[in-house]
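Engineer: coords please:
(one chain, ligands or ions: 1)
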Amino acid sequence: MTAQTATSTTAPVSDSATDPCTIVIFGASGDLTARKLMPALYNLALDGRLPPGLAVVGYSRTKWSNDVFREEARSNVEKHSRRPIDPEVWDSFASGLFYSYGGYDDPEGHDRLNEKLREVEAERGIGGNRLYYLAVPPTTFVDIIEQLGRARSQGAATEGWSRVIIEKPFGVDLASARELNRAVHSVFSEDDVYRIDHYLGKETVQNIIVFRFANGIMEPIWNRRYVDHVQITVSESLGVGHRGNYYDGSGALRDMIQNHIMQLLSLIAMEPPLAIDGRSVRDEKVKVLNAVRLFDDDEVAIETVRGQYGPGWVAGEEAPAYRAEAGVPDASQTETFTALRLFVDSWRWAGVPFYLRTGKRLPKRSTEIAITFKTAPKLLFHDFIDEPHLEPNVLSIRIQPNEGISLKFLTKVPGSPRLRPATMDFLYGASFVKQAPSAYETLIVDALQGDATLFTRSDEVEAAWTIMERVLDGWRSSPPLDFPNYEAGTWGPAAADELIEKDGRKWREL
Ligand code: BG6
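Structural biologist: Numbering: from 1, shown residues only. Here you go, the predicted structure:
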């Protein structure tokens, strides 16, 4: 979001990031840098959205030189960029790439890095603004933060601003998230901490706020009086790929629900913010999370479903069982599917169920939020419909793919008295020709500008973990006995259907 922030230490506001600065990437030889960060930075360079003279200093354990870092960056941008390389833009971008190596907890390596930073800053005349990007495994977050603190206490701090972007996962439970927050806050003030949830960088997710609060017709009906229930689905057709090792220690609840789906839920359920800025938007989002009813011990088994995929077929291709994926133990108890029914106990949402589901190896990739409205109060059309009741209006917000928004409503079939549902459709692809920036492009620019609206605040992260904690505790006390309980290529275990069908509702067909 390019809007004034109330919480930021600096607040340049324009479409391009204007303060000259250095981005320091920890984890510069890793996968995230290769697939997401370098392509995002290069695309920002192409659009002229980076600060003049920007330097990117990579740091990781691999012993590379500046030249190797530049070559690697080029080959990764060639592979992963959404637009091809323009040699002139590339040369100028690449001349700002530098590299320094060392361990994440190694003071010598960090001293070398600091030396390099001073050199680069002097050479390029870019002052001391620094954006540190922790694109590293979470086990190293605290080591790096401590080293940044050490450098600061030894006078290595610069005159300019220092911000830190922290990748997910932010903790594995409430206690670890709190501990990590404490460690981060011992060096950075909350205003300078940018916790990534890449879903917030997606155009369609940012558009939820615009759709709700820039249009006068939505808010009056966006509440328990008119809304019957809400469904949020994030389905993926892929399995865990080469991430079996990480995923098995995480599972669908931690990997998708605690962060991405809780963020979608808070954007859908939040009250109108006082302004579109980091403080106001996040104040409202955290209120939603704090209003989510926490499960009692015996509710976890009733309100949540866990699944794990066995072998099957997805999109015409044979898929192995989760337990047969690389890095996954033979008797893994990790869930690759989760469905939950939650209530947001606020004035606006009291009594409205929110059904959430996510899983790997489902039939297709689709992220959708569907708001189902209550039906018309009186059935005037008995003779003209097959059902004993009218079909409800459904507003579906497609986050990906086929990005768009549709409203389903009943209509009269021409030449017949019968009724049939039809849709009003908004499709990004048909309305806009310009390709959307990637989530990482948006988030990097926002962090450079000091706008934290699209990043998660410490209290939000802790509130989301508080909700998850009850589920994790409940699950821990009764391990799943039926895994694997869904075939790859199906919509999850039968219990997921029962969860919603016992309320007389159905999951949407996507
Ligand atoms: C990541 C999860 O945060 O989000 C992955 O760790 C998941 O397991 C991914 O596949 C989904 O992101 P997207 O943008 O492809 O929907």
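Engineer: ok so Gly58 is a strand residue?
Structural biologist: Yes - counting by DSSP: H, G, I helix; E, B strand; the rest coil, Gly58 is part of a strand.
Engineer: which bits of the stretch 101-250 of the chain sit near the ligand?
Structural biologist: Residues of the stretch 101-250 of the chain lying close to the ligand by CB under 6 Å from any ligand atom are Lys168, Glu236. Any C-beta I mention is one placed from the backbone N, CA and C, and that applies to glycine too.
Engineer: I meant the chain, not that one.
Structural biologist: Counting by CB under 6 Å from any ligand atom, the residues of the chain that sit close to the ligand are Lys168, Glu236, Asp255.
Engineer: so who does the closest residue to the last one other than its chain neighbours touch?
Structural biologist: What that stands for is Asp255. Excluding the flanking residues, the one nearest Asp255 by CB to CB, 6 or more residues apart in numbering is Tyr247, at 6.6 Å. Residues in contact with Tyr247 (CB atoms under 8 Å, 6 or more residues apart in numbering) are Val240, Asp255, Gly327, Val328, Thr334, Thr336.
Engineer: State the number of residues packed around the residue nearest to the third one when sequence neighbours are not counted.
Structural biologist: In this case it means Gly327. Leaving aside its chain neighbours, Gly327 sits nearest to Gly244 (3.0 Å; criterion: CB to CB, 6+ apart). Residues near Gly244, counting by other CB atoms under 10 Å, number 20.
Engineer: Distance of whichever residue of the chain sits closest to the ligand relative to Glu335?
Structural biologist: Closest residue of the chain to the ligand, CB to the nearest ligand atom: Asp255 (4.7 Å). Asp255 is 10 Å from Glu335, where distance means CB to CB, to the nearest Å.
Engineer: Compare the residues of the chain next to the ligand and tell me which is most surrounded.
Structural biologist: With neighbours taken as other CB under 10 Å, the top of the residues of the chain next to the ligand is Asp255, carrying 23 neighbours.
Engineer: got the contact list for the residue lying closest to Ser366 once chain neighbours are set aside?
Structural biologist: In space, and not counting its chain neighbours, Ser366 is closest to Leu510: 4.5 Å by CB to CB, 6+ apart. Neighbouring residues of Leu510 by CB under 8 Å, 6+ apart: Thr233, Ser235, Lys364, Ser366, Glu368.
Engineer: Among the residues you listed, which one has the most neighbours?
Structural biologist: Using other CB under 10 Å as the neighbour criterion, Thr233 leads these with 23 neighbours.
Engineer: how far out from the middle of the chain is the lowest-mean-pLDDT helix or strand in the chain?
Structural biologist: Sorting the helices and strands of the chain by mean pLDDT, DSSP states H and E puts helix 428-431 at the bottom, at a mean of 90. The chain centroid and the centroid of helix 428-431 are separated by 23 Å under CA atoms, centre = their mean, to the nearest Å.
Engineer: May I see the buried residues of that helix?
Structural biologist: Tyr428 (16 or more other CB atoms under 10 Å).
Engineer: and whatever helix or strand comes next after that helix, average pLDDT?
Structural biologist: Sequence-wise, the next helix or strand downstream of helix 428-431 (DSSP states H and E) is helix 439-449. Here helix 439-449 scores 96 as its mean pLDDT.
Engineer: Then stretch 260-272?
Structural biologist: For stretch 260-272, the per-residue pLDDT averages 98.
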